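S.K.: make a model of this:
(chains A, B and C)
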Amino acid sequence: MASRIQKEARPDTMLINMGPSHPAMHGTFRIMLELEGEKILNAEVEIGYLHRGFEKTCENKTYFNLLPYTDRLNYVSPQINNMGYAMTMEKMLGVRVPGRAQAIRVLMSELSRISDHLTCLAAMAMENGAFTVFLYMMKAREFLWDVIEFTTGSRMTTSYIRIGGVRADLHDGWRESVKTAVAETRGVLKDVHGLLDKNQIFLNRTRGIAAMSKEDALSYGWTGPCLRSTGVLYDVRKAHPYAIYDRLAFDVPLGEYGDNYDRYMVRMREMEQSLRIIEQVAALIADTAPAIGAEGIEPTEAVRLGRQHKPAQKIRLSPNLEGSEKDRYPELLTADAPVCVPPKEDTYTTMEGLISHFLFFMNGFGIRPPKGDVYFSVEGGNGEVGFYVVSDGTDRPYRLHLRAPCFHLLSALEQLIRGRFLADVVPTFGSMNMIGGELDR
Amino acid sequence: MSGFDFLSTRFDTALGWARKFSLFHYPFITACCGMEYMSAACAHFDIDRFGAGLTRFSPRQADLLLVVGTVSHKLVPALKTVYEQMMEPKWVIAFGACAVSGGIYQNYAAVQGIDKVIPVDIYIPGCPPRPEMVLDGLLKLQEKIQKEGQDWRWRKTP
Amino acid sequence: MEKDALIGEIRQRFAAELESDTESLGDQVLIVRREGLRTVMAGLRAAPFDYAVLLDLTCVDFLASENRFEMVYHLFSLSRNSRLRIKVSLPGGNPVVDSLSGLWKNADWLEREVFDMFGVGFVGHPDLRRILMYEGFEGYPLLKSYPWRKEQPLVPLKD
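M.R.: The predicted structure is shown next:
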């Protein structure tokens, strides 16, 4: 592509191309640099290598069907995207979500946020040479993903947070998994603080590099940890509280200079705050008897008995992702409007249940919000993740637009690296946490 | 005649053994599957115990191209360039549903499977695949490499 | 200043450029005439309104209607913690609107994206070219008239 930099470059300088397939270009991203020796005179950024047509696809799918596409936007913190979309639709439809579901949503969001920050800092540290930090943080991430997997069935892209609530209850023994995950993450954070905070090499590569002023950051539309590293206090969880965030006590860490080190430190401190939130939420979620364990014989035992005759006893199905759901519905999914899949006990046994099942899934039926448009945002790992939905009254969105936080962050990259050295590109880009799915949609 | 065949099959076995246990992979990472690639490569699921742990970030030094994630039409020239820069013998693994067949994206932007662009040896489905599936795919590739053998036409008399 | 005072002040200040203002699900929406967009935006960015952040800039294609495109801007004021949505209607035949890249720096990339996806032109933009799609792609993907599954491969694909 005949780019601007190729036309503007002086004939005596070197043009170097980084990407789109490059170890430090988290995913696909291309930076073209005009170098004089090691100094960057001019930079041009080219994105769009992961453009997957999310917005166009959403115009052709029903509101319920497009939920998995939202998972794959910011794919390191998928539950936050799910939540953003679900809450946008709930605002449009005017439904209220039960308290337990809101608490579970916050728990999942914070687990996702920690995975997001862990991945970002692990990749940034690895590219600066600190490979141990990468391995430690990935280890902590596995424990977090264990909690997510036992509850939702999938490690990453879960489609768990649905319009109207959550898909299923937390799994049996969730308290232990959450406790293990929190303890492991705390241990890893302590180790990483010890490895990187006062490490002269890391400081040389990040302190004072690519500093951003408050005015510029606001002019570029920065939000999230990068904005907070410049000293501006704006966190959607505090400014426009949603779910149960107004009932939780947590701080919002701020940086000072807006350089790479501040972005790293803000993320580290945010992870500690997220752990605090998780502990508070875990205390808020009650242990209700039907949620944890149902009585009866084990499924394997039932299969063995069933070879001779139909077992007379009840079968102990997990109320989590399979089996009996109806009892759990009032606490997990809204009853305000038919925006969620009807429980299977009704669908398979009663006529009304079957009809309501069809009325949810048939073409032209299902979730049909009133005509109009809505904008709602949540605090994602990178900043304000906003969804703008235009509805024309049918079962498919007329227009769905994602306000991607890293799109705005990266529009400032050219300014940040101009005048710096080639080696500074790597920690700068790493600290901005570019996620291709979100950037290119 | 048979003596040479015996030696060549022994050599093929040894060559297959050497190649399959020292795969240098080039992770062509684009999207969400990259996260599962990172999990597979790290301590929990460890790809290194199969000999494939060393990541070579230059296609000239790699013999396994791991295409991880969705490939869009904009990226295809880069993918082809990387594939053509690799030297024989080379293998390609399509990692993830998007690389295998376009995945959930069937629209103007995504290529419906990278086998429309470059030849693929192993397909690992999943969205994203669990790290155990990645390791399973790698083991299948190792079986394939073991059976491949050298091209002996240069030695045998016509 | 609180909401009603704010709306009153906006109505007074931009009476010439403002077509109407409504409220949609708790969000304040202003409908602005195309010619007056720059004035309104510059005024909103300055004191006392203080909308320092351009949160989002996008476009909607209403194929059936006479004014085919509708530009939607979301502004945010940090000091007053309030959001504002501004809409501008553009005709289908010549969708051109003023660029805001002089006022907010992220407008640069956001407008390039709208140009890439819808073909809307921006007067005064420093470098208007495609950002997400590749050179050689014909058409504008997010238009309702562009078929969803029409691929334009750069390299000839095998079967």
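S.K.: how many other residues sit next to A:H309?
M.R.: 7 (other Cβ atoms under 10 Å in any protein chain shown). (Glycine included, C-beta is placed from N, CA and C.)
S.K.: helix or strand right after the lowest-mean-pLDDT helix or strand in chain C?
M.R.: Across the helices and strands of chain C, mean confidence by mean pLDDT, DSSP states H and E is lowest for helix C:3-13: a mean of 82. Using DSSP states H and E, the helix or strand that follows helix C:3-13 towards the C-terminus is strand C:18-24.
S.K.: what are the ranges of the helices in chain C?
M.R.: Along chain C, counting by DSSP state H, helices occupy C:3-13, C:37-45, C:107-118.
S.K.: using TSV, lay out those together with distance to B:R19.
M.R.: Below are the helices of chain C laid out as TSV (distance: least, Cβ to Cβ, whole Å):
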stretch	distance to B:R19
helix C:3-13	70
helix C:37-45	62
helix C:107-118	45
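S.K.: could you point out which of these sits nearest chain A?
M.R.: helix C:107-118 (4.2 Å; Cβ to the nearest Cβ).
S.K.: are the closest one and chain B in contact anywhere?
M.R.: No - using Cβ under 8 Å from any Cβ of the partner chain, helix C:107-118 stays clear of chain B, with a minimum separation of 11.1 Å.
S.K.: what's the average pLDDT for that helix?
M.R.: The pLDDT scores in helix C:107-118 average 92.
S.K.: contacting residues around that helix?
M.R.: Outside helix C:107-118, the residues within contact range by Cβ atoms under 8 Å, 6 or more residues apart in numbering or on different chains are A:55, A:407-408, A:411, C:54, C:56-59, C:61, C:69, C:71, C:95, C:99-101, C:120-122, C:125-133, C:140-143.
S.K.: pull out the buried residues from the helix or strand where B:C98 lies.
M.R.: Using DSSP H and E, B:C98 sits in helix B:97-101. For helix B:97-101, the neighbour count (16 or more other Cβ atoms under 10 Å in any protein chain shown) marks B:97-101 as buried.
S.K.: the closest residue to chain C within the stretch 151-300 of chain A in helix, strand or coil?
M.R.: Nearest residue of the stretch 151-300 of chain A to chain C: A:G221, at 4.0 Å (Cβ to the nearest Cβ). Assigned state for A:G221: coil (three-state reduction, DSSP: H, G, I helix; E, B strand; the rest coil).
S.K.: about what we covered before: show me which of the contacts of helix C:107-118 are buried.
M.R.: By neighbour count, with 16+ other Cβ under 10 Å, those hold A:55, A:407-408, A:411, C:54, C:56-59, C:61, C:69, C:71, C:95, C:99-101, C:120-122, C:125, C:128, C:130-133, C:140-143 as buried.
S.K.: pLDDT wise, what is the nearest residue to B:S101 once chain neighbours are set aside at?
M.R.: Using Cβ to Cβ, 6 or more residues apart in numbering or on different chains and skipping residues adjacent in sequence, the residue nearest B:S101 is B:G113, 4.3 Å away. Looking at B:G113, its pLDDT stands at 91.
S.K.: so B:G113 sits against B:A94, correct?
M.R.: Yes - counting by Cβ atoms under 8 Å, B:G113 does reach B:A94; the two are 7.3 Å apart.
S.K.: anything in contact with each of these two?
M.R.: B:V100.
S.K.: which residues touch the residue of the stretch 151-300 of chain A closest to chain C?
M.R.: By Cβ under 8 Å, 6+ apart, the neighbours of A:G221 are A:408, A:411, C:53-55, C:104-106.
S.K.: okay, helices next: where are they in chain B?
M.R.: Listed in chain order, the helices of chain B (DSSP H) span B:2-20, B:33-41, B:76-85, B:97-101, B:131-148.
S.K.: mean pLDDT added to those, as CSV?
M.R.: Output for the helices of chain B, formatted as CSV (pLDDT from 0 to 100):
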stretch, mean pLDDT
helix B:2-20, 83
helix B:33-41, 90
helix B:76-85, 92
helix B:97-101, 92
helix B:131-148, 91
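S.K.: mind putting those helices in TSV, distance to A:F358 included?
M.R.: Below are the helices of chain B laid out as TSV (distance: least, Cβ to Cβ, whole Å):
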stretch	distance to A:F358
helix B:2-20	52
helix B:33-41	35
helix B:76-85	42
helix B:97-101	29
helix B:131-148	35
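S.K.: can you say which of those is nearest to A:V252?
M.R.: Nearest of the helices of chain B to A:V252, taken as Cβ to Cβ: helix B:33-41 at 26.4 Å.
S.K.: what's in contact with that closest one?
M.R.: Against helix B:33-41 from outside (Cβ under 8 Å, 6+ apart): A:26-27, A:75-76, A:119, A:122, A:138, A:141-142, A:145, A:155-156, B:27, B:29, B:45, B:47-48, B:53, B:55, B:66, B:68-69, B:95-96, B:98-99, B:126, B:128-131, B:134-135.
S.K.: dump it to PDB, restricted to CA.
M.R.: Extracted in PDB, the C-alpha atoms of helix B:33-41 (Å, rounded to 0.1, in the frame of the first residue of the first chain):
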ATOM      1  CA  CYS B  33      -6.300 -18.400  19.500                       C
ATOM      2  CA  GLY B  34      -3.100 -16.600  20.300                       C
ATOM      3  CA  MET B  35      -4.100 -16.700  24.000                       C
ATOM      4  CA  GLU B  36      -4.500 -20.500  23.800                       C
ATOM      5  CA  TYR B  37      -1.200 -20.700  22.000                       C
ATOM      6  CA  MET B  38       0.400 -18.800  24.800                       C
ATOM      7  CA  SER B  39      -1.200 -21.200  27.300                       C
ATOM      8  CA  ALA B  40       0.000 -24.200  25.300                       C
ATOM      9  CA  ALA B  41       3.600 -22.800  25.200                       C
END
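S.K.: distance between it and the chain's centre?
M.R.: Averaging C-alpha positions (Cα atoms, centre = their mean, to the nearest Å) puts helix B:33-41 15 Å from its chain's average.
S.K.: can you report how many residues lie near C:A64?
M.R.: C:A64: 8 neighbours (other Cβ under 10 Å).
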